[in-house]
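Participant: what's the 3D shape of this:
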Amino acid sequence: MDRPIIEFCASNMHHGTDAVMRRLEAEPDKYDVIEYGCLGNCGECFLFPYAYVNGEIVAAETADELYEAILKAVREQQAEREMLDKLLDDL
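Facilitator: Now for the predicted structure:
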């Protein structure tokens, strides 16, 4: 199974997302972590911590909550992918 791609905005680091990014980077066998100068979501970026998980925005009130939300999104996306794969195998 492919590793999830988790994207961060450098402009969002003032919310503490740099610590979240480092935690995820510490497990390179599990996640592909990418930092961009800008992800083009200035409204979200200004208001709260966020990241993209496989192209879907994940946001939270705090950086710690964002970390947990990212892990949850990864689990949910993997479960959906496994369900779709099973459906396709059954066809």
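Participant: OK, contacts around Tyr50?
Facilitator: The contact partners of Tyr50, taken as CB atoms under 8 Å, 6 or more residues apart in numbering, are 9, 12, 17, 41, 44, 57-60, 66. Just so you know, the C-beta spots here come from the backbone N, C-alpha and C atoms, and that holds for glycine as well.
Participant: how far away is it from Leu91?
Facilitator: Using CB to CB, to the nearest Å, Tyr50 is found at 37 Å from Leu91.
Participant: Tyr52 now?
Facilitator: For Tyr52, the distance to Leu91 (CB to CB) stands at 31 Å.
Participant: does Asn54 touch Arg3 like I think?
Facilitator: No: checked against CB atoms under 8 Å, the pair Asn54 and Arg3 is beyond contact range at 9.8 Å.
Participant: neighbour count for these two, which is higher?
Facilitator: Applying other CB atoms under 10 Å to Asn54 and Arg3 shows that Asn54 carries more neighbours, namely 17 against 14.
Participant: so the residue nearest the centre of the chain bridges to which residues?
Facilitator: Nearest to the geometric centre of the chain sits Val53, at 3.2 Å (CA atoms, centre = their mean). On the basis of DSSP bridges, Val53 is bridged to Ile6, Glu56.
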